[in-house]
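Undergrad: The amino acid sequence is not available; the structure is as follows:
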């Protein structure tokens, strides 16, 4: 089932992970704040350790999404809210690597199956996919391409982080009544 895998990924592998950095090459909120430096997840941010701020943001999103799902329970809504939660974890949780956005794509694909009439989900999927490809290529220069490698400036990676945050806010603030 989805729940044990999801719990295992975040609570048994991501949280206790070997890395002590707030972000590990993920173009997310923490990249926007701290990049290009690799800083500890214990680094103060707004007077608290950054990991507490990150998990507080994720927890807030979780509560809001759970309320939305409770008010309108259905299969499409479940996948939609799970998509937003996976996206929020990637954006705000500590110790995120670029590859940790992939659960959002699987869940968004399922939400799109159940809500085929909602066209902006396709737009979000396309822009998220482009950002994901660029983020994944960041440290994996295969095949090597000097033209692309020189595009990875601090400003450009922060632009992708901002793009992800804008897409998330757009999808989060514009709640959908998904019915199946």
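TA: The structure has been received and is ready for your questions. If you're wondering where the values come from, they're calculated on a predicted model, not measured in any experiment.
Undergrad: pLDDT of the host helix or strand of residue 56, averaged?
TA: Using DSSP states H and E, residue 56 sits within helix 50-71. Mean pLDDT, helix 50-71: 95.
Undergrad: I'd like the next helix or strand past that helix.
TA: For helix 50-71, the succeeding helix or strand toward the C-terminus, using DSSP H and E, is helix 75-92.
Undergrad: element containing the nearest residue to residue 131 once chain neighbours are set aside, please.
TA: Nearest non-adjacent residue to residue 131, counting by CB to CB, 6 or more residues apart in numbering: residue 160, 5.1 Å away. Any C-beta I mention is one placed from the backbone N, CA and C, and that applies to glycine too. Using DSSP H and E, residue 160 maps to helix 154-173.
Undergrad: contacts for that helix?
TA: 27-29, 31-32, 35-36, 61, 84, 87-88, 90-91, 120, 124, 127-128, 131, 134-135, 138 (CB atoms under 8 Å, 6 or more residues apart in numbering).
Undergrad: Quick check, residue 82 in contact with residue 106.
TA: No - the pair residue 82 and residue 106 fails to qualify as a contact (CB atoms under 8 Å) at a distance of 9.4 Å.
Undergrad: Report the next helix or strand after the lowest-mean-pLDDT helix or strand in the chain in sequence order.
TA: Lowest by mean pLDDT, DSSP states H and E among the helices and strands of the chain is helix 2-7, with a mean of 65. The helix or strand immediately downstream of helix 2-7 is strand 23-24, counting by DSSP H and E.
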